[in-house]
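Enquirer: what's the 3D shape of this:
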Amino acid sequence: MVGVAEVVVDTGGNAAESETGGGNLNVVPKDGGNRFKVYAIGNFTNHGLTSGKVPDSLLARGSASDQKSVKRVYDSGIGVGGPVLKDRLWFYSANRWWGSQNPIANNYFNKTIGTLFYTPDLSQPAYVDQPFKDYGGRLTWQAAAKHKVTISENYQRDCFCYSFSGGTRFHQKPHRATSTGHVDDAGDVELHADQPAAGAGGVSLLHQLESFLSYPDPSRRGETPLDAISVLELSTGYTYGMVPTTSIIRDENEDNFQERLSMSYITGSHAVKVDSRRTRPGLTPSASQRPRLPTHSAIRCRSR
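Expert: Next up, the predicted model:
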């Protein structure tokens, strides 16, 4: 995890910032520093490291002899950070590429795609392809000894390509999505110079998601046209063509906005911390219909 400095797990006695009780994870991102550093990670496996042996009982029922469960699995990332202005302004960029390709046993791409007929291409076994990309940048400004402001931006792309397929169906249509996140974080801000035990912090988050059925991509082998229909072969129970539902995959935009402000005061053996959170989710299935989910607000207080 090239973008994470540490992960803190709370199992009880959570702080006021915790939205719920029980277990909570606090993921702290890297900030950069006064030295240029590079972090990298890489993991990979493919079909050459898996066994595709099929038992005799399935071979007797017509299964192909070699049915590997993994085509490719990978996870790689690189992080770069350093100073923009020494002791005052730092940057950090974390980027990650990961995904998997998993074959579907005894299932194949369609040679006659775009027609009402299914002709299995025995040279091209069917598989589910799920690639993910994440590009992130973060600036940290140390305005004063107890004043820190950070701004981060993330852009993500993914594809649930052929993911609505299975043993009795195969749909050669990717479902792609893009996501952007913008975070402003003001943490450990001193309220009064003569009261160092008093502090405040705040976070605002804007998350935008665009999910859509993609148009055919020439770089991919035989994608189903957008005007195709779903076909069910009654003699075999096999479904091909377009995915036979629009309730899960559809063009939609989603904008989510969150903001949080926390304040604390410590004196002697007493401490009080108050946290306020406001969430405004939104979902836009189409340009002509823009429902908005209600805004949620909460205030929590913890003392000792």
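Enquirer: For the stretch 51-200 of the chain, which segments count as strands?
Expert: 72-85, 89-110, 120-144, 147-159, 169-170, 175-192, 195-213 (DSSP state E, counting those that start in this stretch).
Enquirer: The shortest one - what's its average pLDDT?
Expert: It refers to strand 169-170. The pLDDT scores in strand 169-170 average 74.
Enquirer: And for the first one?
Expert: If you average the pLDDT over strand 72-85, you get 95.
Enquirer: quick one: Ala228 and Arg169, what's the gap?
Expert: Between Ala228 and Arg169 the distance, using CB to CB, to the nearest Å, works out to 14 Å. C-beta here means a position set from N, CA and C on the backbone, and glycine is covered the same way.
Enquirer: Isn't Asp158 up against Pro131?
Expert: Yes. Applying CB atoms under 8 Å, one finds Asp158 in contact with Pro131, separated by 6.8 Å.
Enquirer: Is Gly81 in contact with Asp31, as I believe?
Expert: Yes. Between Gly81 and Asp31 there is a contact at 7.5 Å, judged by CB under 8 Å.
Enquirer: Have a look at those two and say which one is more surrounded.
Expert: Per other CB atoms under 10 Å, whichever of Gly81 and Asp31 has more neighbours is Gly81, with 22 against 17.
Enquirer: Specify the beta-bridge partners of the more buried one.
Expert: Applying DSSP bridges to Gly81 gives these bridge partners: Lys37, Tyr92.
Enquirer: ok, back up a step: mutual contacts of Gly81 and Asp31, please.
Expert: Trp90, Tyr92 (CB atoms under 8 Å, 6 or more residues apart in numbering).
Enquirer: how about the nearest residue to Asp129, chain neighbours excluded?
Expert: The shortest distance from Asp129 to any non-neighbouring residue, by CB to CB, 6 or more residues apart in numbering, is to Cys161 (4.0 Å).
Enquirer: Give me the distance between that neighbour and Glu6.
Expert: To Glu6, Cys161 is 34 Å away according to CB to CB.
Enquirer: same question, Ser69
Expert: 35 Å.
Enquirer: neighbour-wise, which of the two wins?
Expert: Shown here are Ser69 and Glu6; by other CB under 10 Å, Ser69 has more neighbours (12 against 9).
Enquirer: mind listing what that one touches?
Expert: Contact partners of Ser69, counting by CB under 8 Å, 6+ apart, are Thr50, Gly52, Asn102, Pro103.
Enquirer: What of Gly21?
Expert: Here Gly21 is in contact with Asn14 (CB under 8 Å, 6+ apart).
Enquirer: And it, how far from Thr279?
Expert: Where Thr279 is concerned, Gly21 sits at a distance of 18 Å (CB to CB).
Enquirer: do Ser76 as well
Expert: 33 Å.
Enquirer: Compare the two and say which is more crowded by neighbours.
Expert: More crowded of Ser76 and Thr279, by other CB under 10 Å: Thr279, with 17 against 14.
Enquirer: Look up phi and psi at Leu49.
Expert: phi -110, psi 10 (degrees, to the nearest 10).
Enquirer: Number of residues surrounding it?
Expert: The number of residues near Leu49, taken as other CB under 10 Å, comes to 10.
Enquirer: ditto for the one 10 residues further on
Expert: Neighbouring residues of Leu59 were enumerated by other CB under 10 Å; the total is 11.
Enquirer: Which residue is the nearest non-sequential neighbour of it?
Expert: Ser65 (6.4 Å).
Enquirer: Neighbours of that neighbour, how many?
Expert: Using other CB under 10 Å: Ser65 sits among 9 other residues.
Enquirer: Max pairwise distance over the contacts of Ser69: which two?
Expert: Gly52 and Asn102 (12.3 Å; CB to CB).
Enquirer: Next one: Gly23 from Thr11, what distance?
Expert: Distance from Gly23 to Thr11, by CB to CB: 6 Å.
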